[in-house]
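Undergrad: The sequence and its predicted three-dimensional model are supplied below.
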Amino acid sequence: MKTMPASSSVEHVPTHCVTQGLGTILDAGRLVLVAIGAGKANAIAAAVEGPISASCPGSVLQLHQDAVVVVDEAAAAGLKLREYYDDAAEELTIVDLAVH
């Protein structure tokens, strides 16, 4: 959890946010999940390779017909099937990733 330093003013507090329910997310034509950094490795592994579970809401991405997960090396560190994903990614072209 990130906290604001005591020296920060209320001007730095966000006044708006966007939220999406899992049903709305699953209704999307394409989902793109982007994760960067080692701090995301466990969450990515749970979402991509773990069971679909309420304890990991991101795991519902496994149910989507057109989900793309984009991660850096650090965020991918927890993936047990990494070699499989790397091989699958080599087969993709920019046309495959275009919105249809």
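TA: Okay, I see it. Numbering: from 1, shown residues only.
Undergrad: Correct me if wrong: P51 contacts V60.
TA: No: P51 is beyond contact range of V60, at 11.3 Å (criterion: C-beta atoms under 8 Å). C-beta coordinates here come from the backbone N, C-alpha and C atoms, glycine included.
Undergrad: quick one: contacts for the closest residue to I52 other than its chain neighbours?
TA: Distances taken as C-beta to C-beta, 6 or more residues apart in numbering put S59 closest to I52, at 4.6 Å, once the chain neighbours are dropped. For S59, the contact set (C-beta atoms under 8 Å, 6 or more residues apart in numbering) comprises 46-47, 50-53.
Undergrad: do that again at 6 Å, thanks
TA: By C-beta atoms under 6 Å, 6 or more residues apart in numbering, the residues touching S59 are 47, 50, 52-53.
Undergrad: what residue lies at the spatial centre of this structure?
TA: L33 (3.3 Å; C-alpha atoms, centre = their mean).
Undergrad: Then that one would be within a strand, right?
TA: Yes: per DSSP: H, G, I helix; E, B strand; the rest coil, L33 lies within a strand segment.
Undergrad: For V68, which three-state class applies?
TA: Quick answer, by three-state DSSP: V68 is strand.
Undergrad: Hmm, it is touching V34, no?
TA: No: at 9.1 Å, V68 does not count as touching V34 under the criterion of C-beta atoms under 6 Å.
Undergrad: of the two, who's got more company?
TA: V68 (15 against 11; other C-beta atoms under 10 Å).
Undergrad: Any idea what that one is bridged to?
TA: V32 (DSSP bridges).
Undergrad: Please tell me how far it sits from L61.
TA: 9 Å (C-beta to C-beta, to the nearest Å).
Undergrad: cool, and T15?
TA: On the measure of C-beta to C-beta, T15 and L61 end up 29 Å apart.
Undergrad: Just want to know which of these two has more residues nearby.
TA: Set side by side, T15 and L61 show more neighbours around L61, with 20 against 6, by other C-beta under 10 Å.
Undergrad: check contacts around G21.
TA: By C-beta under 6 Å, 6+ apart, G21 has no neighbours at all.
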